[in-house]
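Q: Task: produce atomic coordinates for the following.
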Amino acid sequence: MSTAVGANRLELLQIADAVAREKAIDREIVIEAMEEAIQKAARGRYGSENEIRAQIDRESGDIRLFRLLEVVEEVENPAIEIALFDAEKEREDAEIGSFIAEPLPPIDFGRIAAQTAKQVIVQKVRDAERERQYEEYKDRVGEMVTGIVKRVEYGNAVIDLGRAEAILRRDQALPREHLRNNERVRAYIREVRKEQRGPQIFLSRTAPEFMRELFAQEVPEVYDSIIEIRAIARDPGSRAKIAVISNDSSIDPVGACVGMRGSRVQAVVSELQGEKIDIIQWSPDSATFIVNALAPAEVVKVVLDEDTQRIEVVVPDEQLSLAIGRRGQNVRLASQLTGWTIDILTEEAESERRQEEFVTQSKMFVEMLDVDETLAQLLVAEGFTELEEVAYVEAEELVSIEGFDEALVTELQERAIEGLEAKQRESEEKRKALGVSDDLTEIVGLTSHMLVTLGEAEIKSLEDFAGLATDELISPEDGLLRDFELSEEEANEMILKARRMAGWIPEEEPPEEAAEDTGEAAAKTGEPAVEEGAEAAESKAAEDATEPAAKQAETPDDTKTEEDTSTAAAAQASEEDTDLAVKTTAEEEDVEKS
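A: Residues are numbered from 1 along each chain as shown. This is a model prediction of the structure:
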């Protein structure tokens, strides 16, 4: 049954079309929102206990209202159920579980009903619009967009992107940058996430990638990937460093990014509110790259430690402040750009430190090797810094030093070994004095010096060591054994061994290893391992079964043997007595004849 409406029926469809075009959403979504709004108003008129449906004809705009009733055998709720007998009167093919649509008369929308319907439509349209925005922008993260500032709230700017709205938070805007309404601004899409309410598209003007996108716009070679930006470090609004490299040897990457009279880089600087940009050439050689990154400071010498990604840079005394920069800005950006920890020293400070190290090492050699100061200084000058190096280096390397012969080298290495042994004994005594358990000495890799260090840190028992984590041992910042150059694998193995010794982890042979051992034994004998095991079991059972019988059988034989032995001994004794008597009679007869 059709319902009458005050407005023109086609006006609903025109409104739906206009909203769909304005919000860039599907027309069907708007019409469905209208239907839901009419349903909600009808429930208020006919009762919320009814299951009411509204339909809008997509061609004519006619609105029809229905009440749905479920066909059941016994009616419990007349508002939503109908008996099968009554349903068959309205529709012959009605059956249990089907629904009957009962037409309802039209309703007049009052002020409250109209307001409720409007809220429903607005909410549904807003949800559809947010879903469309998310689907459109979720794959555009990492792009640069241009928008107009719609409004600024508490420092956060809402940017109109045309088909969506995004937010530029205060912490993602440039310092001392004041955005005004209707101002055009460029930003980088940092994140797009689905939210129930509030913004979904988040922009940034402080991200390093934003600077990369700006250079791609201003420098055609960057856009065409002829010049590649390898790294960017920014102090937003103040200073930045970028490392570039050219894939075409005929093009200077730094000059191309700077442009004629700095026109290209100035365009980027203007967009970033005067942020100064240092453009340096990237190099695969770490030392060269770091020297370039510290520009404009001049570097005299660098010393790299690749294991810890740390580098010491020596600069002239007058260049120290330039190398560090205002509030450490230059060295901080260079460290971010290269990924290395940079320590800056002046030539004077570096010379003093080297002199102190030279004196300390020379004194150590004098004490441990019992040599004069000249010989000790000669060893240090040749690059020897530890007693172990002297003790275990190839003799030919020491002989090659001017003034060293084989006898001197032999004596030096013997003294070095004695010195190491003395240090070992001293460490062992100190370990015992600290109360470090002897069980820890059984862990392979733990030296006496390590045990002393652990004891000083109150790690004295096997349980104490087993309870440590790998980072607690080898962490560069606060690891207990960080000075002993232990690898992560070695530390893990030590801790695992301690936990096994402490009984935390059972020391059981893995089944795979047992199977391999059995297989190897079988391979050696040339027989299957299973058959060999079965034969061994059968042999053992046979021996166990025959052992009692054998003992019983041995008992009479043993008794008989003991009796035979006694008889033989008695016979032998009788024969010896007879011989003695015969001998005595013969001697008496000889005496009488005399």
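
Q: Helix or strand: which one has the residue lying closest to residue 278 once chain neighbours are set aside?
A: The shortest distance from residue 278 to any non-neighbouring residue, by C-beta to C-beta, 6 or more residues apart in numbering, is to residue 241 (4.6 Å). C-betas here are computed from N, CA, C, even on glycine. Applying DSSP states H and E as the criterion places residue 241 in strand 239-246.

Q: quick one, domains of this structure?
A: According to automatic domain parsing, the chain comprises the domains 2-128, 138-204.

Q: Next, count neighbours for residue 384.
A: 20 (other C-beta atoms under 10 Å).

Q: quick one, strands of the stretch 151-300 of the chain?
A: If you assign secondary structure with DSSP state E, counting those that start in this stretch, the strands in the stretch 151-300 of the chain sit at 156-160, 165-168, 184-192, 201-204, 227-235, 239-246, 276-281.

Q: can you redo the ones you listed as JSON lines with mean neighbour count?
A: Rendered in JSON lines, the data for the strands of the stretch 151-300 of the chain read as follows (neighbours: other C-beta atoms under 10 Å):
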{"stretch": "strand 156-160", "mean neighbour count": "20"}
{"stretch": "strand 165-168", "mean neighbour count": "21"}
{"stretch": "strand 184-192", "mean neighbour count": "18"}
{"stretch": "strand 201-204", "mean neighbour count": "22"}
{"stretch": "strand 227-235", "mean neighbour count": "19"}
{"stretch": "strand 239-246", "mean neighbour count": "21"}
{"stretch": "strand 276-281", "mean neighbour count": "18"}
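
Q: which residues does residue 295 contact?
A: 278, 280 (C-beta atoms under 8 Å, 6 or more residues apart in numbering).

Q: Report the separation between it and residue 281.
A: From residue 295 across to residue 281, the span is 10 Å (C-beta to C-beta, to the nearest Å).

Q: In CSV: the domains of the chain, plus mean pLDDT and distance to residue 389.
A: Listed next are the domains of the chain as CSV, based on pLDDT from 0 to 100; distance: least, C-beta to C-beta, whole Å:
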stretch, mean pLDDT, distance to residue 389
domain 2-128, 75, 73
domain 138-204, 88, 52
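
Q: would a markdown table of the ones you listed with distance to residue 401 be doable?
A: A markdown table is the format used below for those (distance: least, C-beta to C-beta, whole Å):
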| stretch | distance to residue 401 |
| --- | --- |
| domain 2-128 | 83 |
| domain 138-204 | 60 |
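
Q: Looking at those, which is nearest to residue 432?
A: Closest of the domains of the chain to residue 432 is domain 138-204, at 57.5 Å (criterion: C-beta to C-beta).

Q: Quick check: the residue most central in space within the chain vs residue 484, distance?
A: By C-alpha atoms, centre = their mean, the chain has its centre lying nearest to residue 471, at 13.8 Å. Note on residue 471: its distance to residue 484, by C-beta to C-beta, is 15 Å.

Q: same deal with residue 261?
A: Residue 261 is 57 Å from residue 484, by C-beta to C-beta.

Q: go on, residue 177?
A: Taken as C-beta to C-beta, the span from residue 177 to residue 484 is 51 Å.

Q: The nearest residue to residue 416 once chain neighbours are set aside: what's it in contact with?
A: Counting by C-beta to C-beta, 6+ apart, residue 416 lies nearest to residue 391, which is 3.7 Å off, once chain neighbours are set aside. By C-beta under 8 Å, 6+ apart, the residues touching residue 391 are 413, 416, 417, 419, 420.

Q: Name the residues that touch the helix or strand hosting residue 363?
A: Under the criterion DSSP H and E, the helix or strand holding residue 363 is helix 347-369. Residues from elsewhere that reach helix 347-369 (C-beta under 8 Å, 6+ apart): 300-301, 312, 314-317, 345, 371-373, 375-377, 379-380, 384-385, 387, 390, 412, 415-416, 419.

Q: ok and the strand holding residue 241 relative to strand 227-235, angle-wise?
A: Taking axes from the mean of the first three to the mean of the last three C-alpha atoms, to 10 degrees, one finds strand 239-246 and strand 227-235 inclined to each other by 170 degrees.

Q: picking that back up, could you identify the buried members of the contacts of helix 347-369?
A: Buried by 16 or more other C-beta atoms under 10 Å: 312, 314-315, 345, 371, 375-377, 379-380, 384, 387, 390, 412, 415-416, 419, out of those.

Q: Might you specify the subset of those residues located within strands?
A: 312, 314, 315, 345 (DSSP state E).

Q: Max pairwise distance over those: which two?
A: Going by C-beta to C-beta, the pair spanning these furthest: 312 and 315, at 10.7 Å.

Q: Overlap of the contact sets of these two?
A: Between them, residue 312 and residue 315 share the contacting residues 344, 345, judged by C-beta under 8 Å, 6+ apart.

Q: so how far is residue 366 from the residue nearest to residue 226 when sequence neighbours are not counted?
A: Among residues not flanking residue 226 along the chain, residue 248 sits closest, at 5.3 Å (C-beta to C-beta, 6+ apart). Per C-beta to C-beta, residue 248 is found 60 Å from residue 366.
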